[in-house]
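Asker: I would like to see how this sequence folds:
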Amino acid sequence: MRILVTLLCSTIFPALVFAADITDTVQKRYETLHSFRAFFTQHLTNAATQKTEERLGSIVFSKPKLLRWETTSPEEELLIVGPQAVWEYLPEDGIAYRYTTEQIFQSKTMLRFISGEANLKEDFAIVDKGMDAGLYLLELTPKEPEPGLTFARVWIRPEDGLLERIRIVDFFGNENAIELKAIELDPAVDSKIFTFTPPQGTQVIPGKVQ
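Answerer: The predicted structure is shown next:
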């Protein structure tokens, strides 16, 4: 029995320590990051139908919590996280949903991962899965699960601690996976891109976070 305990400790504890080191690196990286710009590929998989939709677009982030998430394919969609409000604009439908910033960042959504607001060490139980295609892979289980997030995987760049790939699973088993490409660190960003005025004739609806 003592030999078994020793073997378990020798294999599990180093992995836990290594995972803690990685999360510390990630946290420090996002604390020192002022802005970034990237292109993204997103895959949304419906658990019931097993159908996957691919979306393409770009992201611009600037501290403290400013974000411009622009989907260009298959349909245009714009998400603006501004200083006072969050806008989701669907030009083909002529609809704009308005949220408060608290609604967005209090929920463990993809936006919290992208912006660095999700604290990996404090918010999740972490399992180190080693290297995957040159990236550190961590499995995350939220300490306080919510409908929008019951499980996540993050792939971390070893050279700078940035999250390059993120996959989250909700209560129903639906998957939201995103990969960032051509990441540009600390570019000069015009604050005007984080403002939004609904075009004339747009229907504005108060949004609710699912």
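Asker: So which residues of this structure form strands?
Answerer: 35-45, 52-62, 66-73, 77-81, 85-90, 95-100, 124-132, 135-142, 151-156, 163-169, 175-185, 203-206 (DSSP state E).
Asker: so residue 178 makes contact with residue 38?
Answerer: No. Contact between residue 178 and residue 38 fails when scored by Cβ atoms under 8 Å: they sit 9.9 Å apart. No exception for glycine: its C-beta is placed from N, CA and C like everyone else's.
Asker: Show residues contacting stretch 69-88.
Answerer: Residues from elsewhere that reach stretch 69-88 (Cβ atoms under 8 Å, 6 or more residues apart in numbering): 42, 53-59, 65-68, 89-92, 96-101, 103-104, 111, 114-115, 194-196, 198, 207.
Asker: Buried ones among those residues?
Answerer: 42, 55, 57-59, 65-68, 89-90, 96-99, 103-104, 111, 114-115, 194, 196, 207 (16 or more other Cβ atoms under 10 Å).
Asker: Compute the mean per-residue pLDDT across stretch 51-62, please.
Answerer: For stretch 51-62, mean pLDDT is 95.
Asker: So residue 125 versus residue 28, what's the distance?
Answerer: 21 Å (Cβ to Cβ, to the nearest Å).
Asker: Equivalent analysis for residue 121, please.
Answerer: The value you get for residue 121 to residue 28, if Cβ to Cβ is used, is 11 Å.
Asker: Without its sequence neighbours, what residue ends up closest to residue 151?
Answerer: Nearest residue to residue 151, sequence neighbours excluded (Cβ to Cβ, 6 or more residues apart in numbering): residue 169, at 4.5 Å.
Asker: If you tally nearby residues, what's the number for that neighbour?
Answerer: Other residues lying near residue 169 total 18 when counted by other Cβ atoms under 10 Å.
Asker: Could you do residue 48 as well?
Answerer: Neighbours of residue 48 using other Cβ under 10 Å come to 8.
Asker: so what's it up against?
Answerer: Residue 48 neighbours (Cβ under 8 Å, 6+ apart): residue 172.
Asker: quick one: it from residue 65, how far?
Answerer: Residue 48 is 33 Å from residue 65, by Cβ to Cβ.
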